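K.L.:
sequence first, then the predicted structure:
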Amino acid sequence: MKEPVAYLGPRGTFTHEAARRMFPEEHYLLHPCDSIPDVLTAVDSGETPYGVVPVENAIEGSVTLTLDWLTHHVDVPITAEVVVPIDQCLFCHPDHKETELSRFTRILSHPQAVAQCREYLRQHVPDAVVSYVDSTADAARRVGSQGRDRWLAIGPRSAGALYGLYQRDAAIQDYENNITRFIAVGKTVPERKQPRCRKTSLLLSLPEDYPGALYNVLASFVRQGINLSRLESRPTKKRLGTYRFFIDAEKEIDDLAMKQAMDEIRDRGCTVRLLGSYPCFSGESSNSSESLDNRDHGAYNHR
Ligand SMILES: O=C(O)C(=O)C[C@]1(C(=O)O)C=C[C@@H](O)C=C1
């Protein structure tokens, strides 16, 4: 029987694409959830063994909802990472394909997608109101289901095709090389191909705030020759000006150098929570022979 994989849906999201790359549909049953908390809760409660959520975008930075849920609400290990190229397209209902862009009144999308296209929107649709929804495909589905209002959706080409939208523009993100990191959580993911690297994600709390507290932690990694690929602070949510730090180290947790760095950091009174030690895969396209576009409604495309 195919094992289920929860992902941020509905079908056609960027997360769906990431999930297809890590969990081929020949072997897994991909199960769309309405929100990132729903995906993480499904795994935490044992409803599904695997989940896939976005964690960081090259233009807009962290997906803070994912970080906060991972650390405050659930206890699920990160088990793999995949990086996916993000090409944001602009869609309207086919009934409005002749309408000038400046006459649209509303833009629907996920906050991360809107943030990646801010300058484009300012130039081309300055007067439209932005409505945030749970995912890009959710936006595409809503715009596709009603032709009455002049609404636009931002999202992947596949979402436009799935929900029968007319594509007005492509690659509307404000910077080139737009990519997002996605993580799998839950059960260990079988490694079908050679990972690009291995990482360990940690959540660090300092014992107290004093000059050099964070410096000392970083020095432990330096002494062990461990490269950090990410350092991010998030509020503790308890008191203004107090933080916890997300650290990604390019080493496995079982590596001797990593163990020594951990011992040193804990000896200084820091609390370290292991979020996961996992393989990282680069973003080759999914090897599923069926593309999403072919299975559902045809896409309208002006390019
Ligand atoms: O809405 C989607 O399509 C998602 O998969 C979510 C998400 C995100 O949260 O970062 C994924 C990739 C893009 O950066 C924009 C949106």
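P.N.:
Yep, that arrived. Numbers count the residues shown, from 1 in each chain.
K.L.:
low pLDDT regions in the stretch 51-200 of the chain?
P.N.:
Counting by pLDDT under 70, the stretch 51-200 of the chain contains no low-confidence residues.
K.L.:
write out the residues of it neighbouring the ligand.
P.N.:
Residues of the stretch 51-200 of the chain lying close to the ligand by C-beta under 6 Å from any ligand atom are 54, 57, 63, 86, 110, 112-113, 135-137, 155, 180. (Each C-beta comes from the backbone N, C-alpha and C, glycine too.)
K.L.:
among those residues, name the ones in helices.
P.N.:
Taking DSSP state H as the definition of helices, those contribute 112-113, 136-137.
K.L.:
among these, the buried ones, what's the ChimeraX command?
P.N.:
If you want just the buried ones from those in ChimeraX, going by 16 or more other C-beta atoms under 10 Å, the selection is:
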select :112,113,136,137
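K.L.:
spatially, which two of the ones in helices among the residues of the stretch 51-200 of the chain next to the ligand are the most separated?
P.N.:
Farthest apart among those by C-beta to C-beta are Gln112 and Ala137. That separation is 13.1 Å.
K.L.:
now do the same end-to-end measure for stretch 26-44.
P.N.:
In stretch 26-44, first residue to last residue: 25 Å (C-alpha to C-alpha, to the nearest Å).
K.L.:
residues making contact with it?
P.N.:
2-11, 13, 16, 19-20, 23, 47-54, 63, 65-66, 69-70, 73-76, 134, 138, 185-186, 288 (C-beta atoms under 8 Å, 6 or more residues apart in numbering).
K.L.:
so which of the residues you listed are in helices?
P.N.:
Those of the contacts of stretch 26-44 mapping onto helices are 16, 19-20, 65-66, 69-70, 138, per DSSP H.
K.L.:
please tell me which one of these counts the most neighbours.
P.N.:
Counting neighbours by other C-beta atoms under 10 Å, Ala19 leads the ones in helices among the contacts of stretch 26-44 with 31 neighbours.
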